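> One predicted model, sequence on top.
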Amino acid sequence: MLAVDALNEIGFWLERSGAPSFKVGAFRKAAKIIAPLSEDELASRVRGGRLTSMKGIGGRTSEVITQAVAGDVPDYLADLREKNTETLATGGADLLTQLRGDLHAHSEWSDGGSTIEQLLHGATLLGREYIALTDHSPNLTIANGLSVERLTEQLDVVDALNAEGGPVRLLSGIEVDILESGELDQTPEMLDRLDVVVASVHSKLRSDRATMTERMLGAIRTPRTNVLGHCTGRLVQGSRGTRPPSDFDAETVFAACAENDVAVEINSRPERQDPPDELITLALDAGCLFSIDTDAHAPGQLDYLAYGADRATRNGVPADRIITTWPVERLLEWTRG
């Protein structure tokens, strides 16, 4: 296998298991360093013992590269594959096999930790058919949200990657901030150019019930909104600590989602588990569609889809109500409609 692919796959498995970011970063960085080298040039450096003289290549990454150049699956990678044969969740296995794609993922263009190409590589490892690139919008400056100019540039990158004809279709998208006014934090013209629009609240999460409800309704009633992202904003575990769910009239919000053909996201991140189970039931009773997404900020986190499939199954959400089980042609007909 190619040494670049071996290094990136190691990064993938380490991310999936929640390894420290510095450890993942060592393999991702090494992959970037050797990516511009031809196979012959890389082999020459291996033969000459010159790998570790390259800044950013250490003992472990050098060993991986050397074994890959020799035509072997590196020992470190083989060990990680063996340790990661089981799915992350204990339930939802049948639904997981029916999930074709993921409509919420971030790259280094905003607050993700990897390139778009690395996200695609991770999606390929998992057998996904499509993945939406949904970096943040400009209001979320802390996450390096995309201006009109940067988003326009990203759309050209998406087109170029799809033109290469890889196994995973890359959908253009955005996780657009729902402003306090209920408006979406990107121009209507740009939103019209995208395949998928996920709308989420990221600020003033402790607003009163009436204020938060009206804010969410404004976004849901905007024709270009496709998915309501992590609707309560809660955090139940993780390095950022915990955060209670925001307060809003869930019955009114989910009725609006059903009426306006907006899917409710089942966010698969372990620290979010959003919506809570009782709200999934309310949304199901309201007639909502759902989108099981990872909100991945690194390629290995794309496998978090298993957690969302488990929660959807436990709460009785049928596969035909989940838009990420749909073929991409049907999905795009729905999002653009």
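Noted; the coordinates are in hand. What you see is a predicted model, and the numbers here were worked out from it, not measured in a lab.
> From now on I want contacts and neighbour counts done on CA atoms only, so please keep to that.
Will do.
> ok, Met216 to Arg224 distance?
Using CA to CA, to the nearest Å, Met216 is found at 14 Å from Arg224.
> Likewise for His202?
19 Å.
> Show me which of these two is the more surrounded one.
With neighbours defined as other CA atoms under 10 Å, His202 and Arg224 compare such that Arg224 has more, 22 against 18.
> is it true that the more buried one touches Leu194?
No - in this structure, Arg224 is not within contact of Leu194 by CA atoms under 8 Å, at 9.3 Å.
> For the residue nearest to Asp277 when sequence neighbours are not counted, which residues are in contact?
Of all residues not flanking Asp277 in the chain, Asn315 sits nearest, at 6.8 Å (CA to CA, 6 or more residues apart in numbering). Counting by CA atoms under 8 Å, 6 or more residues apart in numbering, Asn315 touches 277, 280-281.
> which residues in the stretch 201-337 of the chain form strands?
Listed in chain order, the strands of the stretch 201-337 of the chain (DSSP state E, counting those that start in this stretch) span 227-228, 263-267, 290-293.
> same thing with the stretch 51-200 of the chain?
Remark: strands assigned in the stretch 51-200 of the chain by DSSP E, counting those that start in this stretch are 101-105, 130-133, 169-177, 196-200.
> Check what contacts stretch 113-126 and list those residues.
Contacts of stretch 113-126 with the rest of the structure, by CA under 8 Å, 6+ apart, involve 8-9, 12, 28, 107-109, 129-131, 133, 167-168, 170, 297-300, 302-303.
> Specify the local secondary structure of Ala19.
Under DSSP: H, G, I helix; E, B strand; the rest coil, Ala19 falls in the coil class.
> Give me the neighbour count for it.
A count of neighbours around Ala19, defined by other CA under 10 Å, yields 12.
> Which pLDDT value does the model give it?
Note on Ala19: pLDDT of 89.
> To Leu235, which of the strands of the stretch 201-337 of the chain lies closest?
Closest of the strands of the stretch 201-337 of the chain to Leu235 is strand 263-267, at 11.3 Å (criterion: CA to CA).
> distance between that closest one and the chain's centre?
On the basis of CA atoms, centre = their mean, to the nearest Å, strand 263-267 sits 13 Å off its chain's mean C-alpha point.
> May I see the buried residues of that strand?
For strand 263-267, a neighbour-count test (16 or more other CA atoms under 10 Å) marks 263-267 as buried.
> Looks like Ala258 contacts Leu284 (just checking).
No - using CA under 8 Å, Ala258 makes no contact with Leu284, being 9.6 Å away.
> Out of the strands of the stretch 51-200 of the chain, which gets nearest to Glu39?
In terms of CA to CA, the element of the strands of the stretch 51-200 of the chain nearest to Glu39 is strand 169-177, at 27.2 Å.
> how far off strand 101-105 does that closest one point, in degrees?
Using axes from the mean of the first three to the mean of the last three CA atoms, to 10 degrees, the inter-axis angle of strand 169-177 relative to strand 101-105 is 40 degrees.
> and strand 169-177, what does it pack onto?
Helices and strands touching strand 169-177, as assessed by 3 or more CA pairs under 8 Å, 6 or more residues apart in numbering; DSSP states H and E, comprise strand 130-133, helix 148-163, strand 196-200.
> winner for burial among the ones you listed?
By mean neighbour count, with neighbours taken as mean count of other CA atoms under 10 Å, strand 196-200 ranks first of the helices and strands packed on strand 169-177 at a mean of 27.
> Just want the angle from that one to strand 263-267.
70 degrees.
> partner strands of strand 196-200, parallel or antiparallel?
When pairing is defined by DSSP bridges, strand 196-200 lines up against strand 169-177 (parallel), strand 227-228 (parallel).
> mind checking how far the last one is from the chain centre?
A distance of 14 Å separates the centroid of the chain from that of strand 227-228, by CA atoms, centre = their mean.
> coming back round to it: so for Ile323, which of the strands of the stretch 51-200 of the chain sits nearest?
Using CA to CA, these put strand 101-105 closest to Ile323, at 9.0 Å.
> Tell me the pLDDT of Asp277.
Predicted confidence (pLDDT) at Asp277: the value is 98.
> tally of neighbours for the nearest residue to Gly91 once chain neighbours are set aside?
Distance criterion CA to CA, 6+ apart; nearest residue to Gly91, sequence neighbours excluded, is Asp310 at 4.8 Å. A count of nearby residues for Asp310, using other CA under 10 Å, gives 20.
> ok, Asp310 touching Asp94?
No - using CA under 8 Å, Asp310 makes no contact with Asp94, being 9.4 Å away.
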